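*Asks:* what's the 3D shape of this:
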Amino acid sequence: MKAMIVNKRFLLISFLVLSLVLTACSPEDSDNTEEVHHGNGEGMDHGDGKDGEDHHGEYESGEVEMDKQENRVHLEQIAATPPESLNENATIGLSVTNTKNVTRLNEDDPVALSIQASQTVWPATHETNQPGTIILAPLNQWQYALASLTLVHHPNDGPMLYWEKEISDDVLTELSRLQPKGNNEGVQVLVLGDIDDKELNKLDDYNVEQIKGENPADFAKKVEERFSETISGIQPNVIIGSSEENAKEYTITVANWITHMNESLLYVNNEGIPQETIDALKSRDDGVTIYIIGPEEVISEDVADELETYGTVHRIEGKDPVAQSIEFASFKDAETGFGWGITNPGHGFVFSSTGTPELAIAAAPFAHLGKHAPLIWLDEGEVTSELYEYMASVKPAFIEEPTEGPYNHGYVVGSFNHVSFATQGILDEKMEIVSLGGDDHGGH
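*Replies:* This next block holds a predicted model:
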């Protein structure tokens, strides 16, 4: 009988202890949890209760994080999958060119598109959003136009507009609309390349400066020198690209970065490193960090080895132009801060067809203001497997509410002749924010 009483007491105590433990760990009653943690703790292994509370929180937090990671992996697997079929009727009666996640500059003429980009980035409705200096670059020399994008950055803070043989009336109209304020030196228009004097006379109402070059390397060096004078300093980092035609799409992948930041572009070619580029590299007294753009087929290892004479060299390469643009958008040098480093959601992108590289150069100011968007190539206007995977890696996803973001946004340049509405629809869907839990927008 005595043994039975002892056993009953033991069972009762055990039951009470178990109840206290369950109550302490229950998230539904915070008052009980607080009472147990701050009692004398008899029958508990948690001592004063704080240690037990922390471990339990860590356990729950670890589970939540693991669930998030698993959900993210699953989401990206789905997002990287191309659509199984396309709706052939999607363009019937179509009256829009923009979609919810994509703004399209629906133009194939590079001069006209450069004006559209200018009007989108610089409304010029009042002094704050008027540009400082407008850059006029030659359409028929992509190497010059590309290198000139360094000048878009502050304190010039202005668009790059194309001229082709002449400064068109449309470009002059855009100059009048913008009413450039001038940079810190009062320059309102920078004319790049060799243009007839009669064309310069069209700019008599503005404070004009001209930059010429004997060749792409010489021109790029002079652009860097002029920009360094404007900002009263020279960047220790520099980008090296090839000026050869077969490297065109590889080199243009840097267009948006040099528009966005102070780093400039210098050129090499199939003959090696031009003297003008060597002189520009030597001008950096404290050493230089060099970022080579493109694989060995574009810039040889011999050239890379020679560049190491002047500084620390990093090569950013992709197997084709699309892969190159993705590598450049993803790259980040933690030591120098160079590079977009875009590997997660919440960003803007400029999408352009490899078939229209001059349009991509004209759209580069979308990296200077607004969404600060890097360039991503579409292979002749199509989404490749590499791009599906990259867009999946930056796919926006919300946890509680879609209004919490983050959001992605794309700018597509060119008409439906070069980037189809079907491609735009795919990009729009790949940038759409979804639930991380996989229930789409759920009740939202």
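*Asks:* For stretch 379-390, the averaged confidence score.
*Replies:* Stretch 379-390 comes out with an average pLDDT of 98.
*Asks:* Kindly report the same for stretch 293-307.
*Replies:* 97.
*Asks:* Residues touching that stretch, excluding its own?
*Replies:* 239-242, 244, 246-247, 250-251, 253-254, 268, 272-273, 281, 290, 292, 313, 315-319, 324, 328 (CB atoms under 8 Å, 6 or more residues apart in numbering). Just so you know, the C-beta spots here come from the backbone N, C-alpha and C atoms, and that holds for glycine as well.
*Asks:* can you tell me the distance between the two ends of it?
*Replies:* By CA to CA, to the nearest Å, the extent of stretch 293-307 from end to end equals 13 Å.
*Asks:* Give me the distance from it to the chain's centre.
*Replies:* 25 Å (CA atoms, centre = their mean, to the nearest Å).
*Asks:* And stretch 378-388, by the same measure?
*Replies:* Its chain's C-alpha centre and that of stretch 378-388 lie 17 Å apart, by CA atoms, centre = their mean.
*Asks:* Can you tell me the centre-most residue of this protein?
*Replies:* Among the residues of the chain, the one closest to the centroid is Pro374, at 3.5 Å (CA atoms, centre = their mean).
*Asks:* give the contact list for that one.
*Replies:* Contacts of Pro374 by CB under 8 Å, 6+ apart are 256-257, 325, 328-329, 340, 342, 347, 349-350, 367.
*Asks:* Next step: these restricted to helices.
*Replies:* 256-257, 325, 328-329 (DSSP state H).
*Asks:* Let's have the residues you listed in a markdown table, adding distance to Asn140.
*Replies:* As requested, those are exported to a markdown table (distance: CB to CB, whole Å):
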| residue | distance to Asn140 |
| --- | --- |
| Asn256 | 22 |
| Trp257 | 24 |
| Ser325 | 24 |
| Phe328 | 25 |
| Ala329 | 28 |
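*Asks:* State the pair within these that is farthest apart.
*Replies:* Trp257 and Ser325 (10.9 Å; CB to CB).
*Asks:* which of those two has more neighbours?
*Replies:* Legend: neighbour count by other CB atoms under 10 Å for Trp257 and Ser325, higher for Ser325 (32 against 25).
*Asks:* Can you check the pLDDT for the more buried one?
*Replies:* 98.
*Asks:* Only the C-alpha atoms, please, for stretch 192-211, written as PDB.
*Replies:* Output of stretch 192-211 as PDB, limited to C-alpha atoms (Å, rounded to 0.1, in the frame of the first residue of the first chain):
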ATOM      1  CA  LEU A 192      32.300  63.400 -79.300                       C
ATOM      2  CA  GLY A 193      34.100  62.500 -82.400                       C
ATOM      3  CA  ASP A 194      35.000  64.300 -85.600                       C
ATOM      4  CA  ILE A 195      32.000  66.300 -86.900                       C
ATOM      5  CA  ASP A 196      31.700  69.000 -89.500                       C
ATOM      6  CA  ASP A 197      31.900  72.600 -88.300                       C
ATOM      7  CA  LYS A 198      28.600  73.400 -89.900                       C
ATOM      8  CA  GLU A 199      27.000  70.900 -87.500                       C
ATOM      9  CA  LEU A 200      28.700  72.500 -84.500                       C
ATOM     10  CA  ASN A 201      27.300  75.800 -85.600                       C
ATOM     11  CA  LYS A 202      23.800  74.300 -84.800                       C
ATOM     12  CA  LEU A 203      24.900  74.400 -81.100                       C
ATOM     13  CA  ASP A 204      25.700  78.100 -80.900                       C
ATOM     14  CA  ASP A 205      23.100  78.600 -78.200                       C
ATOM     15  CA  TYR A 206      25.000  76.300 -75.800                       C
ATOM     16  CA  ASN A 207      28.400  76.100 -74.100                       C
ATOM     17  CA  VAL A 208      30.000  73.400 -76.200                       C
ATOM     18  CA  GLU A 209      33.100  71.300 -75.800                       C
ATOM     19  CA  GLN A 210      34.400  68.600 -78.300                       C
ATOM     20  CA  ILE A 211      36.500  65.500 -77.700                       C
END
